[in-house]
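> Let's see this in three dimensions:
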Amino acid sequence: MKSSRLTGALFLLAFGLEHATRAEDDRPLRALTLDQALAELDSQSPALVQVRSRVADARALATQARVPLVPTVLAAGGYTRNSADARVDFSKIQLPGLPAGALPSGPLVIQPLSVWTVSGTVRVPLVVPNAWADWAAAQRAAESVAATAESARLQLRASLAQAAWAAAAAEEIVDVSERAVTVADEHRNSAARSVTAGTEAPLSVLKAETEVVKRQSDLAQARADRERSHLALGVLLGKTEPLRVLLPPVGAGEVPQQVESLVAEALQSRPEFMAQAAQIRVARAQITAARLRWLPQISGSGAVFAADVPYPTGKKEGWRLTLDVLWPLYDGGLASGKRDQAEAALVTARAAAEAQGLSIVQEVQDTRRDVSVAGERLRLAEQQRDLATAAAASAKRTFEAGVASSLDVLDANDKLYQADVAMADARGRLGIARVALDRALGRMR
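Predicted coordinates for the structure are as follows:
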């Protein structure tokens, strides 16, 4: 009686687990190739939108730094009301011996009572040495920000690709778990037939039922992990619905190149190293700008003006040309302070570039080693799976022939399940390791 109750409870638990794990199968799942997913990531990722805004901000600052080098145009207008006006009426002045027409015929306005004026001024910088260096520094800073943004973009693309390989491993483990449930169910039926034939004790059925429930539990967990992986892929693309990424097949036979060639490629293409090199150029340009602050600045300007009351020249309009020279003789230590600051920044940038180079070299070596190890583990996992498959088939045949026990079959099936899971995990880890190596080499473009 107790055995029948336990068997019924196991049946109900197995049915409940199987019914619960079918929830994801009813949801629509969008599928994209890896290239399509990466293109969608570039176009709509919220993280990349923030990165690109920082690049636009840096380029806008570079545009502002160029302002002292380009002509400026100003227009002005105004109205003036004075407390009194001052005029000289030459028609009332009589000077002996002064020929006719020597004096203006009309009154000379020295200060009008009220006047409307308009003017336009164009200022053209002719020699502004430090402004050129400041502009160069701003441009190099924008290049550094752009390289840093490219690094963030490549990291996001690598994260998406690695998440896709993790999801592929989760999908494969679901398939493995479903096969394990089928195998466990077949063995349960076989054990029941053996008990009926009198070749096995009733305990073998209970063990087989326990194995079915165990595999159902593994399947429920595997499906939950798969759903979590699909949702994580969707979130990376800025969406709330799950996503499936279709990946190319991966094999263990590919061997990475030699370390020296990989390191050279990484140092040539990694945006992080380019960003540090740009920071060095920024510091050098700032040092140059600080030194050039002692040179004179020359600019020219032209103005046109008009009023509704004649100027002292007797005309209501005029123009003016000006050449200005500004030579800073003492600025309170601003130039020397900027030079010291830039020299300290140069030392920092050089040290950071050296540290970045060492980090890249280490990353390339580590990821290359990870790819080699992951490839070897996949090769061994495939061998282990082949051996476990043969052992499980042999145990099944000998059990049906009445030679092996039910426990031998359960043990062989468990080893086959573990081998299948290990192979799926090794394949996913190999894909993740290769993505990490591509990221270390700057290839995730």
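> And for stretch 32-40, what's in contact with it?
Identification of contacts with stretch 32-40 by CB atoms under 8 Å, 6 or more residues apart in numbering yields 157, 160-161, 164, 233, 237, 243-248. Quick note: C-beta positions are derived from backbone N, CA and C, even for glycine.
> Could you export these as a markdown table, including pLDDT, distance to residue 190 and secondary structure?
A markdown table is the format used below for the contacts of stretch 32-40 (pLDDT from 0 to 100; distance: CB to CB, whole Å; DSSP: H, G, I helix; E, B strand; the rest coil):
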| residue | pLDDT | distance to residue 190 | secondary structure |
| --- | --- | --- | --- |
| 157 | 93 | 50 | helix |
| 160 | 94 | 45 | helix |
| 161 | 95 | 43 | helix |
| 164 | 95 | 39 | helix |
| 233 | 93 | 40 | helix |
| 237 | 88 | 47 | coil |
| 243 | 92 | 41 | strand |
| 244 | 93 | 36 | strand |
| 245 | 94 | 39 | strand |
| 246 | 93 | 37 | strand |
| 247 | 92 | 37 | coil |
| 248 | 87 | 39 | coil |
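> Please indicate which of these are buried?
Neighbour-count burial (16 or more other CB atoms under 10 Å) applied to the contacts of stretch 32-40 gives 157, 160-161, 164, 233, 237, 243-245, 247.
> What is the most widely separated pair among those?
157 and 244 (17.7 Å; CB to CB).
> Show me the strands in this protein, by range?
30-33, 72-81, 86-89, 107-111, 114-127, 243-246, 297-307, 317-326 (DSSP state E).
> Just the C-alphas of the first one, formatted as PDB.
Provided in PDB are the C-alpha atoms of strand 30-33 (Å, rounded to 0.1, in the frame of the first residue of the first chain):
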ATOM      1  CA  ARG A  30      11.800  36.300 -32.100                       C
ATOM      2  CA  ALA A  31      14.900  34.900 -33.700                       C
ATOM      3  CA  LEU A  32      17.800  36.800 -35.300                       C
ATOM      4  CA  THR A  33      21.100  35.900 -36.700                       C
END
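> Could you pull up the mean pLDDT of it?
Strand 30-33 comes out with an average pLDDT of 92.
> Relative to residue 184, which of the strands of the chain is closest?
Nearest of the strands of the chain to residue 184, taken as CB to CB: strand 243-246 at 27.2 Å.
> Counting by contacts, list what that closest one packs against.
Counting contacts by 3 or more CB pairs under 8 Å, 6 or more residues apart in numbering; DSSP states H and E, strand 243-246 is packed against strand 30-33, helix 34-44, helix 129-197, helix 203-236.
> Can you tell me which of these is nearest to residue 109?
helix 129-197 (41.5 Å).
> name the helices or strands packed onto that closest one?
On a contact count with 3+ CB pairs under 8 Å, 6+ apart, helix 129-197 meets helix 34-44, helix 46-65, helix 203-236, strand 243-246, helix 271-292, helix 334-400, helix 406-440.
> got CSV for the ones you listed, with distance to residue 182 too?
Below are the helices and strands packed on helix 129-197 laid out as CSV (distance: least, CB to CB, whole Å):
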stretch, distance to residue 182
helix 34-44, 31
helix 46-65, 42
helix 203-236, 9
strand 243-246, 23
helix 271-292, 49
helix 334-400, 13
helix 406-440, 11
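> what about the ones you listed, which gets the closest to residue 107?
Comparing the helices and strands packed on helix 129-197 by CB to CB, helix 46-65 comes nearest, at 49.3 Å.
> what about residue 389, distance to residue 200?
Separation of residue 389 from residue 200 (CB to CB, to the nearest Å) stands at 24 Å.
> higher neighbour count, the two?
A direct count of neighbours by other CB atoms under 10 Å for residue 389 and residue 200 places residue 200 higher, at 21 against 15.
> Please list all residues in contact with the more buried one.
Listed by CB under 8 Å, 6+ apart, the contact partners of residue 200 are 191, 194, 405-406.
> between the residues you listed, which has the most around it?
residue 191 leads the contacts of residue 200 on contacts (other CB under 10 Å) with 26 neighbours.
> And the pLDDT for it?
Taking residue 191 on its own, its pLDDT is 84.
> same deal with residue 311?
85.
> so it makes contact with residue 318?
Yes - Residue 311 is in contact with residue 318 according to CB atoms under 8 Å; the separation is 6.3 Å.
> More neighbours: these two, which one.
residue 311 (18 against 13).
> before we move on, back to that, tell me which two of the contacts of stretch 32-40 sit farthest apart.
Farthest apart among the contacts of stretch 32-40 by CB to CB are 237 and 248. That separation is 19.7 Å.
> Name the spans of the chain whose pLDDT lies under the cut-off.
For the chain, the stretches with pLDDT under 70 are 1-28, 90-106, 252-256.
> run the last query once more with 80
For the chain, applying pLDDT under 80 flags the ranges 1-28, 88-108, 197-201, 250-257, 314, 402, 445.
> Give me the phi and psi angles of the closest residue to residue 194 other than its chain neighbours.
Spatial nearest neighbour of residue 194, excluding adjacent residues (CB to CB, 6 or more residues apart in numbering): residue 200 at 3.8 Å. The phi/psi pair for residue 200 (degrees, to the nearest 10) reads phi -130, psi 150.
> oh, and call the first residue 14 from now on, that's how I've got it
Taking 14 as the first residue, the last one we looked at is residue 213.
> roughly how far apart are residue 213 and residue 206?
Noted for residue 213: a distance of 9 Å to residue 206, by CB to CB.
> Could you check how far residue 345 is from residue 351?
Taking CB to CB as the measure, residue 345 falls 12 Å from residue 351.
> swap that for residue 96, sorry
The gap separating residue 96 from residue 351 is 48 Å, by CB to CB.
> More neighbours: which of the two?
residue 351 (19 against 6).
> Quick one: residues contacting the more buried one.
By CB under 8 Å, 6+ apart, the neighbours of residue 351 are 299, 302-303, 306.
> Tell me the one among those residues nearest to residue 385.
residue 299 (44.7 Å).
> what about that closest one, neighbour count?
Residues lying near residue 299 (other CB under 10 Å) number 24.
> which one is it nearest to, not counting chain neighbours?
Closest residue to residue 299 apart from its sequence neighbours, by CB to CB, 6+ apart: residue 355 at 3.6 Å.
> Equivalent analysis for residue 298, please.
Once flanking residues are discounted, residue 298 sits nearest to residue 150: 3.7 Å by CB to CB, 6+ apart.
> Quickly note the distance from residue 220 to residue 128.
Between residue 220 and residue 128 the computed distance is 110 Å (CB to CB).
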